[in-house]
Each structure stands twice: as structure tokens, then as C-alpha cells.
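K.L.:
Just the structure for this:
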Amino acid sequence: MSTWSSDDLARLGGADEIQIAPEESDGTLRSPTTIWIVRSGEEMYVRSVNGPGGHWYQTAENTHRGQIRANGTTKDVAFVDEGDPAVNEQVDAAYMAKYGSTPHAEPMTRPGPRDTTLKLVPR
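P.N.:
Take a look at the predicted model:
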């Protein structure tokens, strides 16, 4: 699998929000949804605020492919399920560090959203 460039890590990982467009089964992209992104080390992660019922998340889980956009950067990505408890702890910490000043950060670390942790891998 590919890795992120330092420029991608800075631009995408530093974005307050990204546009995520999972690929449908017919190869077309869903309409973009605005979500949060966090960086942990050299990896980037997203979660569905609506948990497993989130429409973009359901499509991402079906095809594991899509596209993200932020800060003038567009990247095709693979969505990789992240079930490692240690990684989820790191992602929780990243959400709180980046978005902890908002009342919406803590709910992103609860079951539901936490169960939807996806690692973004450039393709």
C-alpha cells in the first residue's frame, strides 16, 4: 500500500474538515459529505458521527474506495477498517487534541462513531 507524503499529511491532516466521497458499487462517487479527519503519526483516520448507520460510512464499508478533498488537495483513497484497540485509543486522543474545544469532540470517542474508525490509505 502507498504512504502519505509529508505535504499530504500537512494539508489533509491539518484541515478542520474534509469532503469525503465514497465510491458506489458502480464506480461513481457519492455526493461529498463534510466530516472531520485526524492524523495519528503518519496515518489519517475518519469516523462517522452517525456511527454504522451513516450513509457515507455504509458506502465506504461496501466498496472500501473513495475520494477525499481538503485544502486544495484531492486524493483517491482506500478505506481500511481499524479494529485495533490501541490504534482506536490513539485516534480518540487525536480527536480530542484537534477538536476538544468543541462539544462535538467527546461523542466521537464513544461507541457508535468509534466503531466506524477507518484508516485512509492513498491509492
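K.L.:
can we go C-alpha only for contacts and neighbour counts from here?
P.N.:
Will do.
K.L.:
Would you list the phi and psi of the residue in the chain sticking out farthest from the centre?
P.N.:
In the chain, the greatest distance from the average C-alpha position (Cα atoms, centre = their mean) is reached by residue 26, at 21.9 Å. Dihedral angles of residue 26 (phi, psi; degrees, to the nearest 10) stand at phi -90, psi 0.
K.L.:
Residue 59 versus that one, what's the distance?
P.N.:
Distance, residue 26 to residue 59, using Cα to Cα, to the nearest Å: 11 Å.
K.L.:
And the pLDDT at the residue nearest to residue 105 when sequence neighbours are not counted?
P.N.:
Distances taken as Cα to Cα, 6 or more residues apart in numbering place residue 99 nearest to residue 105, at 5.4 Å, with adjacent residues excluded. Looking at residue 99, its pLDDT reads 97.
K.L.:
got it, and residue 85?
P.N.:
The model reports residue 85 with a pLDDT of 93.
K.L.:
quick revisit: what is the neighbour count of the residue nearest to residue 105?
P.N.:
Counted by other Cα atoms under 10 Å, the residues lying close to residue 99 total 18.
K.L.:
correct me, but it touches residue 107?
P.N.:
No: counting by Cα atoms under 8 Å, residue 99 does not reach residue 107; the two are 10.9 Å apart.
K.L.:
now residue 67, nearest residue through space, not along the chain?
P.N.:
The nearest residue in space to residue 67 (Cα to Cα, 6+ apart) is residue 76, at 4.3 Å.
K.L.:
Please, which helix or strand holds residue 19?
P.N.:
strand 18-22 (DSSP states H and E).
K.L.:
can you tell me which residues contact residue 61?
P.N.:
residue 79 (Cα atoms under 8 Å, 6 or more residues apart in numbering).
K.L.:
This completes my enquiry, with thanks.
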